[in-house]
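Undergrad: can't give you the sequence, but here's the structure:
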Ligand SMILES: Nc1ncnc2c1ncn2[C@@H]1O[C@H](COP(=O)(O)OP(=O)(O)OP(=O)(O)O)[C@@H](O)[C@H]1O
């Protein structure tokens, strides 16, 4: 370590490295891309990391015999390729530029960090995904509540909320931020509340000062208070929101005029869809997944990036107000019924570019000429869209049209002043501002243009005068315009020409005339660039004044895009309009799974099913059925249909009546939290506990194979108790679909009047079973697990051994099931066998006493008679023999 320090010290001695280390000291946790000439260089630890992530060569720069520093760099123009890779790898990247023109300065050039790119603060198109928000979240643990704010700097969307930590956790799952900032010192609390998978950054407590942050926000929005945004009463929420503005400054993102407002997220407005449900319903594909077959992928018919992003939010945050849902459905309905209107709308929406991201790039003065042209085209399309909506007699559509601002001033200015197809996409290179905008620019262009003819004329004249046919006039940066002559004609070159360069088979010369011309033309080029840049900056400044209108238009287009997407899907897939109300009934007729039905092989039809739930007759549907029969699919499709209805979409069913739901809870299958040190079963119990603790009478609960992760007895007991709890809860009759392999639970129907048994039907054909996938009333007796094992290609010996064991067990218990757990079944039901009965029926060798009830008379007697014997390992027959022996000896 000491040796390394020494090495660094030596480097500090060179002026360049001294400068490097002083800048690096300000950004110790970022990879510093240090601009040196045409290269970005990284040093030391940064170089080791960068070379690993980017696959670029790592070298050691020697400094004397014993000292070195690692070095890895890449050409500056490759930054668009390399920066996204570093950020995607979760690195923070500080871009350090030369702030002076090296040609103009002697000695060391001034350098400074111009931008700190972190996973949550990204503006570059090449890092951002089109249809995905890139939120930065900020969490503040306040005294009373926890506050949270979300900002997507690339679109200007800014939200604030506060509440319990589990609510904030839900919001974090809904908006999936790329980075979360929070107070230093709260590390344990943060990971307890939100897990350890998020990319986080900690800031000092003072950054979250409520008072300072209120002021900061008002300044940003140009208002006196935050009342107008309806967020004035938030305290910890505003602490979190202000910290975001601080963080933007900290990362050198100061051009944020596009952040014009903040909206609050109210818990009461949205359906509770937590991270378990997002995962269990496979709402979104995980990052980097190749196969795009999540729910979001399958239903997305949006045509704009804005629409795509909004759709994701609608999926994760469905709404609860039947009136608002009805407003969305009305528009979808209109598009479904009026195909011509839908076509016109689609045609125009498809022409609209990413107005939100363009707005952010205008604010940061990074917008490219082609993006401006795209903005102009978008505004023309928006005009036609508005006209199409106004041409209808629909009040909703009129209201939407009313929110559209045509921004003619902006649109016409771009149309007038920027070439429709700019020659360059960088204003620095010119060829962007149209003719006729600036008389001086036009004049200079004429000179430059005629210059070309002029050069062509000189070339022709000299060629004729010297008799050198291949003579060519070209330009390079070193000595400007020159005449190139092939060696074969060297002798014909006039004496007045000045030789500048000798190539392998040619010579290059300059002449007085060319020099003069060069000064004139180069001066013109430079002047033109200055003028073009000035006009461009003025156009951007003009548009900057309309950013809030631009963003409002973008929001309307996004909304229309989502609604047309729903309509298109409804037509493609024969979806129907759901009926929503405040009632407690859920009645889905012939519902289908929106994803599975699209993935079935050709020729296979999805089997639709009915699901009816209410709070009086049928609160809990207990669904049994063999493995693979379709239980999970049925559970998920029910949740998805409810979610779609509350998003405002049509649904895959023949009809659907949905009494609005406030929370969708799901507990399905294994989880991936095992890496965090929790067992599968622990995760199952944690999730189940969270469900039971949060249900209301408007909730829908999906429980799939609860108890599977533990022993049969424990599993059945827990499952049974959970159903009882759901059924008997005094105030919350949460509607529940309960899929299980434990047929014993069918007995609950007799004890709990709102529990109803169903099974997914199959047909047995010899050794095979055929899945009919139809949901039918009543329970089942068989698991067919061994059939499924056979179908899966298990070795024949295993399958037949399993068959044999099953038959033994059936023999012992006299029915199909092994459930000695009489604490559950005792309630007026036929008891499971006792140790004595089991022994007399010839219990198999693998049956141990631990499987019986603790108060079994044989067990009690043995325990009383033989202290210290490990009776659990005995079989029932051994136990009975032992007991008889003892009785003989003791004579009891
Ligand atoms: N209604 C249906 N129509 C057509 N195919 C279906 C239907 N339901 C399910 N399937 C198909 O059957 C497969 C298995 O369904 P699912 O996973 O729901 O079974 P399961 O009963 O939950 O099984 P297990 O108990 O083993 O988890 C699905 O992946 C799907 O391809």
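TA: Received the coordinates, thanks. It should be emphasised that the depicted structure is a prediction, and the values quoted were computed from it without experimental measurement.

Undergrad: residue ranges of the helices in the stretch 401-550 of the chain, please?
TA: Along the stretch 401-550 of the chain, counting by DSSP state H, counting those that start in this stretch, helices occupy 408-417, 439-466, 512-544, 547-573.

Undergrad: Format those as a markdown table; extra columns: mean pLDDT.
TA: Putting the helices of the stretch 401-550 of the chain into a markdown table (pLDDT from 0 to 100) gives the following:
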| stretch | mean pLDDT |
| --- | --- |
| helix 408-417 | 95 |
| helix 439-466 | 86 |
| helix 512-544 | 89 |
| helix 547-573 | 96 |
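
Undergrad: Specify the stretch among these that is closest to the ligand.
TA: Closest to the ligand of the helices of the stretch 401-550 of the chain is helix 547-573 (CB to the nearest ligand atom; 14.8 Å). The C-beta positions use only the backbone N, C-alpha and C, and glycine is treated the same way.

Undergrad: Show me what that closest one is packed against.
TA: helix 305-316, helix 322-337, helix 339-349, helix 355-363, helix 369-390, helix 395-402 (3 or more CB pairs under 8 Å, 6 or more residues apart in numbering; DSSP states H and E).

Undergrad: which of these is buried the deepest?
TA: helix 355-363 (a mean of 25; mean count of other CB atoms under 10 Å).

Undergrad: Find the closest residue to the ligand in the stretch 451-600 of the chain.
TA: Per CB to the nearest ligand atom, residue 596 is where the stretch 451-600 of the chain lies closest to the ligand, at 5.1 Å.

Undergrad: Residue 221 contacts residue 260, correct?
TA: Yes: counting by CB atoms under 8 Å, residue 221 touches residue 260, with 6.4 Å between them.

Undergrad: What is the least confident helix or strand in this protein?
TA: helix 822-825 (a mean of 38; mean pLDDT, DSSP states H and E).

Undergrad: next helix or strand past it?
TA: Going down the chain from helix 822-825, the next helix or strand is helix 835-840, by DSSP states H and E.

Undergrad: mean confidence for that next one?
TA: Per-region confidence: helix 835-840 scores 76 on mean pLDDT.

Undergrad: residues from the stretch 551-700 of the chain in reach of the ligand?
TA: Within the stretch 551-700 of the chain, the positions near the ligand by CB under 6 Å from any ligand atom are 596, 606, 607, 625, 627, 628, 629, 630, 631, 632, 633.

Undergrad: Same list, those residues, but as TSV with neighbour count, pLDDT and secondary structure please.
TA: Shown next, in TSV, are these (neighbours: other CB atoms under 10 Å; pLDDT from 0 to 100; DSSP: H, G, I helix; E, B strand; the rest coil):
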residue	neighbour count	pLDDT	secondary structure
596	17	94	helix
606	19	94	coil
607	19	95	coil
625	28	82	coil
627	18	77	coil
628	19	80	coil
629	25	84	coil
630	25	89	coil
631	25	91	helix
632	19	91	helix
633	21	93	helix
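
Undergrad: Quickly check these for the two that are furthest apart.
TA: Farthest apart among these by CB to CB are 606 and 627. That separation is 18.9 Å.

Undergrad: Was I right to think residue 38 contacts residue 79?
TA: No: applying CB under 8 Å, one finds residue 38 not in contact with residue 79, separated by 11.4 Å.

Undergrad: Have a look at these two and say which one is more surrounded.
TA: Legend: neighbour count by other CB atoms under 10 Å for residue 38 and residue 79, higher for residue 79 (18 against 9).

Undergrad: got the contact list for the more buried one?
TA: 33, 40, 95 (CB atoms under 8 Å, 6 or more residues apart in numbering).

Undergrad: got the contact list for the residue most central in space within the chain?
TA: Among the residues of the chain, the one closest to the centroid is residue 176, at 5.3 Å (CA atoms, centre = their mean). Taking CB under 8 Å, 6+ apart, we find residue 176 in contact with 133, 135, 284, 316.

Undergrad: same deal with residue 381?
TA: Per CB under 8 Å, 6+ apart, neighbours of residue 381: 348, 349, 351, 352.

Undergrad: Which pLDDT value belongs to the first one?
TA: Residue 348 is assigned a pLDDT of 97 by the prediction.

Undergrad: Report how far apart the opening and closing residues of stretch 223-231 are.
TA: 13 Å (CA to CA, to the nearest Å).

Undergrad: now swap in stretch 130-147 and tell me
TA: 29 Å.

Undergrad: Can you say which helix or strand has residue 773 in it?
TA: Going by DSSP H and E, residue 773 is in strand 768-777.

Undergrad: ok, residues contacting that strand?
TA: Residues contacting strand 768-777 (CB under 8 Å, 6+ apart): 607, 609-611, 623, 626, 628-630, 634, 756-764, 784, 787, 791.

Undergrad: mind running it again at 7 Å?
TA: Strand 768-777 is contacted by residues 607, 609-610, 626, 628-630, 634, 758-763, 784, 787 when judged by CB atoms under 7 Å, 6 or more residues apart in numbering.

Undergrad: And the strands in the stretch 751-892 of the chain?
TA: For the stretch 751-892 of the chain, the strands defined by DSSP state E, counting those that start in this stretch occupy 755-765, 768-777.

Undergrad: Can you give the strand pairings for the shortest one, parallel or anti for each?
TA: For strand 768-777, the pairing partners within the sheet under DSSP bridges are strand 755-765 (antiparallel).

Undergrad: Give the rounded mean pLDDT of the partner strand.
TA: On average, strand 755-765 scores 86.

Undergrad: Ends of stretch 131-143, what's the gap?
TA: With CA to CA as the measure, stretch 131-143 spans 37 Å from end to end.

Undergrad: Report the buried residues of that stretch.
TA: Neighbour-count burial for stretch 131-143 flags 131, 132, 133, 134, 135, 136, 137, 138, 139, 140, 141, 142 (criterion: 16 or more other CB atoms under 10 Å).

Undergrad: which residues in the stretch 151-300 of the chain form helices?
TA: Assigned by DSSP H, counting those that start in this stretch, the helices in the stretch 151-300 of the chain fall at 165-175, 187-194, 210-221, 236-250, 275-280, 295-299.

Undergrad: Which other helices and strands does the shortest one contact?
TA: In terms of contact count using 3 or more CB pairs under 7 Å, 6 or more residues apart in numbering; DSSP states H and E, helix 295-299 is assigned the packing partners helix 305-316.

Undergrad: again, 10 Å this time
TA: Helix 295-299 sits against helix 305-316, helix 547-573, helix 596-599, helix 631-647, with contacts defined as 3 or more CB pairs under 10 Å, 6 or more residues apart in numbering; DSSP states H and E.

Undergrad: looking at the ones you listed, which is closest to residue 361?
TA: Residue 361 lies closest, by CB to CB, to one member of the helices and strands packed on helix 295-299: helix 547-573, at 10.9 Å.

Undergrad: tilt between that closest one and helix 369-390?
TA: In terms of direction (axes from the mean of the first three to the mean of the last three CA atoms, to 10 degrees), helix 547-573 departs from helix 369-390 by 60 degrees.

Undergrad: next structured bit after helix 547-573?
TA: strand 579-581.

Undergrad: Look up how far the ligand lies from the residue nearest to residue 58 when sequence neighbours are not counted.
TA: Excluding the flanking residues, the one nearest residue 58 by CB to CB, 6 or more residues apart in numbering is residue 51, at 3.9 Å. For residue 51, the distance to the ligand equals 44 Å [CB to the nearest ligand atom, to the nearest Å].

Undergrad: on that earlier part again, for residue 197, state which of the contacts of strand 768-777 is nearest.
TA: Comparing these against residue 197 with CB to CB places residue 634 closest, at 30.5 Å.

Undergrad: so who does the closest one touch?
TA: By CB atoms under 10 Å, 6 or more residues apart in numbering, the contact list for residue 634 reads 591, 593, 607, 609, 611, 621, 623, 625, 702, 704, 737, 739, 758, 760, 773, 775.

Undergrad: sorry, back to before: doesn't residue 82 make contact with the residue nearest to residue 58?
TA: No: Residue 51 is not in contact with residue 82 according to CB atoms under 10 Å; the separation is 11.0 Å.

Undergrad: near the ligand, which residues of the protein show up?
TA: Residues of the chain lying close to the ligand (CB under 6 Å from any ligand atom) are 596, 606, 607, 625, 627, 628, 629, 630, 631, 632, 633, 773.
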